[in-house]
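In: Build me a model:
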Amino acid sequence: MDLNSASSVVLQVLTQATSQDTAVLKPAEEQLKQWETQPGFYSVLLNIFTNHTLDINVRWLAVLYFKHGIDRYWRRVAPHALSEEEKSTLRAGLITNFNEPINQIATQIAVLIAKVARLDCPRQWPELIPTLVESVKVQDDLRQHRALLTFYHVTKTLASKRLAADRKLFYDLASGIYNFACSLWNHHTDTFLQQVSSGNESAVLSSLERTLLSLKVLRKLTVNGFVEPHKNMEVMGFLHGIFERLKQFLECSRSIGTDNACRDRLEKTVILFTKVLLDFLDQHPISFTPLIQRSLEFSVSYVFTEVGEGVTFERFIVQCMNLIKMIVKNYAYKPSKNFEDSSPETIEAHKIKMAFFTYPTLTEICRRLVSHYFLLTEEELTMWEEDPEGFTVEETGGDSWKYSLRPCTEVLFIDIFHEYNQILTPVLLEMMQTLQGPTNVEDMNALLIKDAVYNAVGLAAFELFDSVDFDQWFKNQLLPELQVSHNRYKPLRRRVIWLIGQWISVKFKSDLRPMLYEAICNLLQDQDLVVRIETATTLKLTVDDFEFRTDQFLPYLETMFTLLFQLLQQVTECDTKMHVLHVLSCVIERVNVQIRPYVGCLVQYLPLLWKQSEEHNMLRCAILTTLIHLVQGLGADSKNLYPFLLPVIQLSTDVSQPPHVYLLEDGLELWLVTLENSPCVTPELLRIFQNMSPLLELPSSCLANELSSENLRTCFKIINGYIFLSSTEFLQTYAVGLCQSFCELLPEITTEGQVQVLKVVENALKVNPVLGPQMFQPILPYVFRGVIEGERYPVVMSIYLAVMGRVLLQNTSFFSSLLNKMSHEFNQEMDQLLGNVIEMWVDRVDNITQPERKKLSALALLSLLPSDNSVIQDKFCGIINISVEALHDVMTEDPETRTYKDCMLMSHHEEPKVTEDEEPPTEQDKRKKMLALKDPVHTVSLQQFIYEKLKTQQEMLGEQGFQSLMETVDTEIVTQLQEFLQGF
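Out: Numbering: from 1, shown residues only. Model (predicted):
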């Protein structure tokens with residue numbers, strides 16, 4: 001590209017690309033895309049975005065295109081990579097002037113310089129850092145700021161590189177410029193502190209901005225630039241100096257009010273100081289040891305004494321608490337159980353901690369946390385009144401303790417209490433002691449103090465296990481408090497029911513549960529919504545507990561279910577509805593079939609909720625989970641839900657619909673459960689199987705995805721469910737397409753996947769011996785080849801033999817036609833090929849581990865007898881060996897009569913007893929039982945079958961011929977066979 005002529009053309013197209021009119025915008029974007037790989041294009045872009053007279057939007061776009069170009073074409077190995085010559089010109093052009101007047105563009109330029117530095121610095125771009133160091137010294141305010149901004153982005157990017165060689169380069173860079181970075185930061189910080197009192201707001205803001213940027217550079221160098229930072233005096237000097245600087249900046253906040261333009265930047269700088277300490281502690285805990293004492297003294301004084309009054313703010317308190325928490329919990333500071341085995345560094349850090357956390361200090365921290373930080377604030381109480389649902393789903397869990405004050409104080413309390421529970425348990429017990437009996441509803445402060453103490457007792461439940469007689473406390477103190485119905489007492493009603501939820505899995509006598517259920521029924525009718533939602537949470541914890549007993553719960557089931565359903569209707573927020581649905585699901589899951597009389601109202605409401613939640617996929621997931629438990633609880637009665645249930649399954653499992661991304665996993669589970677509990681097939685249930693074919697195509701594109709393989713397993717279970725439910729209708733409608741999908745899947749999927757596919761085929765053959773082999777005809781040669789070639793995976797070989805066994809035993813004519821077809825493929829005589837199959841079968845029978853399949857193999861091979869075919873007679877010995885091995889697996893000896901019987905045999909009269917802990921059999925379980933009653937494996941006595949086959953073989957060959965055949969069998973095997981056949 002000739003630069004001058006090209007510039008005007010590119011400028012024109014960039015201008016068009018900023019247009020709001022798509023007719024102008026689209027062609028311009030297409031043109032720019034074509035130019036991306038043209039030599040000289042990026043030089044033109046550099047000229048455009050460094051020309052401050054041009055339109056801002058055009059320059060902004062030029063910077064963005066340049067930045068994307070670095071990502072795509074800067075590396076040497078990239079397709080259409082930029083030439084070394086052009087890159088050299090661009091690097092020089094990027095750092096010629098640091099005078100960009102527009103902040104947003106300046107930031108983008110700094111980021112793109114950092115991107116180039118990541119790839120080229122220092123080898124191809126040794127001049128970058130010296131140029132930046134010189135540029136941040138200039139007196140011109142704008143140039144100095146822009147150079148400093150670039151310096152920060154370059155340092156940040158280089159610090160993020162992780163390869164050993166890159167780390168070494170960064171260590172060299174850090175040690176080379178650390179001294180300069182420190183003096184630069186000190187200079188800007190002193191300038192700011194001098195200007196604060198001047199009242200010149202813009203000058204103060206300008207120097208504060210430089211202080212912040214230079215501190216950001218120092219943070220990256222300090223945390224990532226040294227292997228053993230504690231050995232570097234400059235680094236430790238900077239870190240020790242942070243505490244003094246923090247005090248100065250916090251004092252500044254007295255004169256810089258909340259409405260001052262500098263206030264936000266000032267707070268950011270204070271937080272950045274604490275981030276330096278937290279990052280350093282995280283990355284270099286041993287190097288941090290000399291700072292433990294100062295950090296604890298500083299944090300505790302500002303957070304737990306009057307020193308912090310008037311200067312601290314919420315985010316700063318959170319950071320200080322996190323610093324205390326990380327020191328308390330740090331494994332590098334915890335000696336081994338055997339003290340002598342610990343490193344000297346660990347012992348030193350431990351001693352510093354022990355010296356600081358004395359009894360008075362710990363007691364004061366504990367009391368302040370509970371009586372000050374745990375108190376519900378005015379804002380929280382206002383939110384309770386104005387937005388009760390928002391109040392209940394306030395940010396908790398995950399990493400919220402890192403940013404939010406309430407979770408942060410609670411996590412700090414838990415960690416300190418766990419670490420020093422012997423000192424702190426008596427302190428908390430004393431607080432509890434002073435709060436016996438009811439509290440005056442007029443004394444709001446006393447109510448909030450009690451709420452805070454109860455919060456502490458709930459959080460420390462595991463630590464207080466041996467110190468609190470919770471059962472007595474529950475009966476004498478907590479239950480009566482739940483019965484105080486005054487509106488002002490609602491914080492305590494909510495806290496007490498929460499507290500019981502925390503203790504339920506720690507220490508709560510089973511006999512007291514009915515009293516708790518009674519209380520929950522009452523509180524689910526409380527006039528306050530927050531109390532009702534908290535009660536539902538405790539109900540879930542109670543029902544979910546290991547010691548839950550259905551018999552104790554049943555008398556309250558109807559009331560609770562009705563009240564939970566009412567609560568589900570009353571709440572309006574998506575998150576709260578999901579929460580209440582999860583509680584309902586949990587109750588349904590635990591009581592199972594006992595739920596049937598009470599679900600009518602829920603069944604009518606769920607379609608409406610599903611319709612309303614069209615935009616809320618997570619709520620729909622919760623509805624699917626509820627439906628899964630509902631169908632399991634309803635059993636065969638779930639058929640009445642089909643008008644709603646089947647369209648829901650249809651939508652959730654349709655991969656052409658966008659919501660499937662969220663709903664597929666639960667949708668498949670619901671589909672499976674619906675089939676398992678279906679009493680009979682319906683046209684609609686059959687129709688939704690149309691969704692299956694695309695689902696089976698998904699895995700090949702995402703084989704490595706664990707979730708997709710889990711979904712695939714569920715898909716196979718669903719297919720099996722249809723085969724058990726209505727094999728003839730199902731196979732006639734879908735087998736051709738299914739067979740095609742399987743043929744495409746088999747070469748692609750894992751060993752486990754192949755087994756799943758062939759289990760479907762095996763089930764089809766078992767359920768429908770006539771139609772099954774015809775429908776899955778294209779797969780059977782694949783199986784046949786696997787047997788002949790001696791498949792090396794035992795689990796796969798086992799299923800191959802099971803499929804072959806089914807065809808041979810239950811559809812002999814089909815087996816003959818298959819053998820005929822394969823004999824042409826292998827270019828062998830049919831008899832010879834059959835001999836090879838039997839030989840491989842005998843050789844690999846040990847791959848079969850299930851007794852049912854072992855017996856199937858024996859029955860299948862015995863079905864070839866009687867035979868005068870010389871090939872089969874040649875393999876007679878092997879057939880008898882397999883048969884005797886199967887007898888060992890399936891025969892049990894009656895100790896009284898000393899006779900053997902086949903333990904696989906089943907009769908119609910056997911009705912297994914279902915114990916209280918077991919779930920009642922599903923409709924599919926019943927279908928499998930009926931199928932087993934027709935299956936030769938469970939209806940034919942192997943003992944008798946062998947006897948009859950040998951007898952007919954003897955009749956065919958005559959005594960002498962049979963005798964010589966028997967002589968081919970090992971005498972030991974013959975002896976065992978005779979023992980099994982006694983009495984015949």
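In: count of neighbours near residue 60?
Out: 16 (other CB atoms under 10 Å). C-betas here are computed from N, CA, C, even on glycine.
In: With the flanking residues excluded, which residue is spatially nearest to it?
Out: Taking CB to CB, 6 or more residues apart in numbering, and ignoring the residues beside it in sequence, residue 60 has residue 105 as its nearest neighbour in space, at 5.9 Å.
In: doesn't residue 62 make contact with the one you found?
Out: No - Residue 105 lies out of contact with residue 62 (CB atoms under 8 Å); the separation is 9.3 Å.
In: Mind listing the shared neighbours of those two?
Out: When contacts are counted by CB atoms under 8 Å, 6 or more residues apart in numbering, the set common to residue 105 and residue 62 consists of residue 49.
In: between these two, which one's more packed in?
Out: A side-by-side neighbour count of residue 105 and residue 62, using other CB under 10 Å, places residue 62 first with 27 against 19.
In: what about the residue nearest to residue 60, which helix or strand?
Out: Residue 105 belongs to helix 103-120 when elements are defined using DSSP states H and E.
In: Quick one: work out the angle between the helix or strand just after that helix and helix 103-120.
Out: Where DSSP H and E defines the elements, the next helix or strand beyond helix 103-120 is helix 128-135. With axes from the mean of the first three to the mean of the last three CA atoms, to 10 degrees as the basis, helix 128-135 and helix 103-120 are set at 140 degrees to each other.
In: Same question for helix 128-135: list its buried residues.
Out: 128, 129, 131, 132, 133, 135 (16 or more other CB atoms under 10 Å).
In: As a markdown table, those with distance to residue 577 and pLDDT would be great.
Out: Compiled in a markdown table, the buried residues of helix 128-135 are given as follows (distance: CB to CB, whole Å; pLDDT from 0 to 100):
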| residue | distance to residue 577 | pLDDT |
| --- | --- | --- |
| 128 | 55 | 92 |
| 129 | 56 | 91 |
| 131 | 59 | 93 |
| 132 | 55 | 91 |
| 133 | 58 | 91 |
| 135 | 57 | 91 |
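In: Switch those residues over to a markdown table; also include distance to residue 6.
Out: What follows is those, written out as a markdown table (distance: CB to CB, whole Å):
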| residue | distance to residue 6 |
| --- | --- |
| 128 | 27 |
| 129 | 32 |
| 131 | 28 |
| 132 | 30 |
| 133 | 35 |
| 135 | 30 |
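In: of the residues you listed, closest to residue 691?
Out: Proximity of the buried residues of helix 128-135 to residue 691, judged by CB to CB, is greatest for residue 128, which lies at 57.2 Å.
In: what residues are up against the closest residue to residue 538 other than its chain neighbours?
Out: Excluding the flanking residues, the one nearest residue 538 by CB to CB, 6+ apart is residue 501, at 3.6 Å. Contact partners of residue 501, counting by CB under 8 Å, 6+ apart, are 458, 537, 538, 541, 542.
In: again with residue 447
Out: When the contact criterion is CB under 8 Å, 6+ apart, the partners of residue 447 are 439, 441, 488, 489, 491, 492.
In: one more time with 10 Å, if that's ok
Out: 376, 439, 440, 441, 488, 489, 490, 491, 492, 495 (CB atoms under 10 Å, 6 or more residues apart in numbering).
In: and which of those residues is nearest residue 527?
Out: Lowest distance from residue 527 to these (CB to CB) belongs to residue 490, with 8.1 Å.
In: shouldn't the closest one be in contact with residue 531?
Out: Yes - under the criterion of CB atoms under 10 Å, residue 490 is in contact with residue 531, at a separation of 5.6 Å.
In: one step back: for the contacts of residue 501, please prepare TSV with the additional fields neighbour count and pLDDT.
Out: Below are the contacts of residue 501 laid out as TSV (neighbours: other CB atoms under 10 Å; pLDDT from 0 to 100):
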residue	neighbour count	pLDDT
458	19	95
537	17	95
538	22	96
541	18	95
542	23	95
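In: Return the member of the residues you listed nearest to residue 76.
Out: Of all these, the one sitting nearest residue 76 is residue 537; the distance, using CB to CB, is 58.3 Å.
In: any idea which helix is longest in the protein?
Out: Counting by DSSP state H, the longest helix found in the chain is helix 706-745.
In: Which elements pack onto that helix?
Out: In terms of contact count using 3 or more CB pairs under 10 Å, 6 or more residues apart in numbering; DSSP states H and E, helix 706-745 is assigned the packing partners helix 660-676, helix 683-687, helix 692-701, helix 751-767, helix 771-775, helix 923-932.
In: Turn these into a markdown table, columns for distance to residue 579 and mean pLDDT.
Out: Formatted as a markdown table, the helices and strands packed on helix 706-745 follow (distance: least, CB to CB, whole Å; pLDDT from 0 to 100):
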| stretch | distance to residue 579 | mean pLDDT |
| --- | --- | --- |
| helix 660-676 | 17 | 94 |
| helix 683-687 | 32 | 94 |
| helix 692-701 | 31 | 74 |
| helix 751-767 | 36 | 91 |
| helix 771-775 | 47 | 90 |
| helix 923-932 | 32 | 91 |
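In: ok, residue 264 - how many residues close by?
Out: The burial count for residue 264: 11, using other CB under 10 Å.
In: Report the contact partners of it.
Out: With contacts taken as CB under 10 Å, 6+ apart, residue 264 has the following neighbours: 205, 258.
In: State the mean pLDDT of the strand or helix carrying it.
Out: Taking DSSP H and E as the criterion, residue 264 maps to helix 263-283. Mean per-residue pLDDT for helix 263-283: 95.
In: How far off centre is it?
Out: A distance of 31 Å separates the centroid of the chain from that of helix 263-283, by CA atoms, centre = their mean, to the nearest Å.
In: Can you name the element that comes right after it?
Out: The helix or strand immediately downstream of helix 263-283 is helix 292-304, counting by DSSP H and E.
In: I'd like to know which elements whatever helix or strand comes next after that following helix is packed against.
Out: Next along the chain after helix 292-304, taking DSSP H and E as the criterion, comes helix 314-329. Using 3+ CB pairs under 10 Å, 6+ apart as the contact criterion, the secondary-structure elements in contact with helix 314-329 are helix 233-255, helix 263-283, helix 292-304, helix 344-356, helix 405-419.
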